[in-house]
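Student: let me see the structure of the following:
(one chain, ligands or ions: 1)
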Amino acid sequence: MARADDDSWDLASSVGATATMVAAGRAVVSRDPGGLINDPFAAPLVRAVGIDFFTKIADGELDLSDLDPESAPRVQANIDEMAVRTKFFDDYFETATAGGVRQAVILASGLDARAYRLAWPAGTVVYEIDQPDVIEFKTRTLDGTGAEPTAERRTVAIDLRHDWPTVLRDAGLDPKAPTAWCAEGLLIYLPPPAQDLLFDRIHALSAPGSTVATEYVPALRDFDPDKARAATAVFQQHGLDLDMPSLIYHGERHHPGEYLARHGWRMDGVARSELFRRYGRTAPEPDPDNPLGEIVYISGRLD
Ligand code: SAM
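Tutor: Okay, the predicted model is just below:
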C-alpha cells in the first residue's frame, strides 16, 4: 500500500514490519558464538510479533538454501549486514558514553533492545521514539519476559513526522546536556523534507558534545521500484504481504553528513564494504540488483 502523510502501523504491518525484519537478522547473527553482536532479545521479540517468515528465519527453522537461488544470497547478505550495522551503532553508543554523554535518543527504535543489552554507565537515560503501537508492543513483550533495562529507559510514543521534540523534552531530555542520537534504519522511510526537519530538530536540541549516527543510501537517487520489487519477491513467495518499494521514499535527498556539517557538526562516513573490513568480516559480493546498494554509515559530533 502506498505511503501517506499520516500513515501508522504496528510491528506486523507496513514500515513496522521492517523493524521485525531487521530484528530477525539480529536474531540470526546473535546465534554465532564468535559473532560481532549478541542480542538475546531479538528472537523472542520477533516470535512475539508472529510473522511466520521472520519467525522461521529468527529461529533457524528456514534453511536459506531452500529459498530461490536469487533470493538466498540476498537474504544472507542482509543478515550479514545486520551484524556489522548493529556493531557500528553499539560501538557508537559506547564511544559516546565513554566521552561522558549520559542521555541517548534512539529514533525509530523498533525492536532495538539496546536499552536492555548495552552496558550503559550509571545515570544514563535512554529515550526511545517510535510509533505508539511499536513502543507499546516492545515494552509489553519485554516486560513479559522479565527483562530489565540496563539504563533508565523512557519511551516517547509518537510519529517522527509530528512534534516529537516537545514530547521528548516533556519526557525529560535536557537540551543543555549533550545527547547521543541514533537514527538507524529510519531515513529511507521519511520523505526528504521530513529528513531535513529531523536533523534540524536534532541540531536544535543538541548541546556541544552531542553525537549522532545514521546511514546514507546513495542508491535512493536512482531507485527503481520495479527492480526493487523483483529483488524482494521472496516476501510474497513466503506469503508475506510486504511491498518494500512502496514503503521507501526515493529520489534526491540531502546527504545527512553534509547536511549536518553545514550546521557545524564534524561528520565522518564509512561505506558498508569498508565496515565489513573494519570488523574483520568478508563483505558480500556487490549485488547490482540490491535496491539499497552501498549504504554509508555516518557518525559525527557537535563541538
Ligand atoms: N532502528 C530499528 C532497528 O534498526 O532495529 C528499527 C528500524 S526499522 C527498519 C524502521 C523503524 O522506523 C520502525 O520501527 C518504524 O516504526 C520506524 N519509523 C519509520 N518512520 C517513522 C515515523 N514517521 N515515526 C516513527 N517511527 C517511524
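Student: model confidence over stretch 39-51, on average?
Tutor: Per-region confidence: stretch 39-51 scores 98 on mean pLDDT.
Student: report the buried residues of it.
Tutor: 39, 41-49, 51 (16 or more other C-beta atoms under 10 Å). C-beta here means a position set from N, CA and C on the backbone, and glycine is covered the same way.
Student: same question for stretch 201-217.
Tutor: Going by 16+ other C-beta under 10 Å, stretch 201-217 has these buried residues: 201-203, 205-206, 209-217.
Student: biggest separation within the residues you listed, which pair?
Tutor: Farthest-apart pair in those is 209 and 217; separation 28.0 Å (C-beta to C-beta).
Student: still on that earlier bit, looking at the buried residues of stretch 201-217, which are in helices?
Tutor: If you go by DSSP state H, the buried residues of stretch 201-217 have 201-203 in helices.
Student: so which residues of the chain form strands?
Tutor: 103-107, 125-130, 152-157, 180-183, 211-216, 265-271, 296-302 (DSSP state E).
Student: in CSV, list those strands along with distance to the ligand and mean pLDDT.
Tutor: Compiled in CSV, the strands of the chain are given as follows (distance: least, C-beta to the nearest ligand atom, whole Å; pLDDT from 0 to 100):
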stretch, distance to the ligand, mean pLDDT
strand 103-107, 7, 98
strand 125-130, 5, 98
strand 152-157, 9, 98
strand 180-183, 8, 98
strand 211-216, 10, 98
strand 265-271, 17, 98
strand 296-302, 12, 98
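Student: how about those, which one is nearest residue 248?
Tutor: Using C-beta to C-beta, those put strand 211-216 closest to residue 248, at 13.0 Å.
Student: ok, which residues in the stretch 101-250 of the chain are in contact with the ligand?
Tutor: Residues of the stretch 101-250 of the chain lying close to the ligand (C-beta under 6 Å from any ligand atom) are 108-112, 130-131, 134, 159-161, 184-186, 189.
Student: which one of those is nearest to residue 266?
Tutor: Using C-beta to C-beta, those come closest to residue 266 at residue 184, 20.0 Å.
Student: ok, now which ones touch the closest one?
Tutor: Neighbouring residues of residue 184 by C-beta atoms under 8 Å, 6 or more residues apart in numbering: 85, 89, 106, 108, 112, 213-215.
Student: same check on residue 3?
Tutor: 246-247, 249.
Student: let's see it at 7 Å
Tutor: By C-beta atoms under 7 Å, 6 or more residues apart in numbering, residue 3 lies in contact with 246-247.
Student: coming back round to it: adding distance to residue 22 as columns, could you present the strands of the chain in JSON lines?
Tutor: Converted to JSON lines, the strands of the chain look like this (distance: least, C-beta to C-beta, whole Å):
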{"stretch": "strand 103-107", "distance to residue 22": "13"}
{"stretch": "strand 125-130", "distance to residue 22": "13"}
{"stretch": "strand 152-157", "distance to residue 22": "19"}
{"stretch": "strand 180-183", "distance to residue 22": "14"}
{"stretch": "strand 211-216", "distance to residue 22": "12"}
{"stretch": "strand 265-271", "distance to residue 22": "19"}
{"stretch": "strand 296-302", "distance to residue 22": "14"}
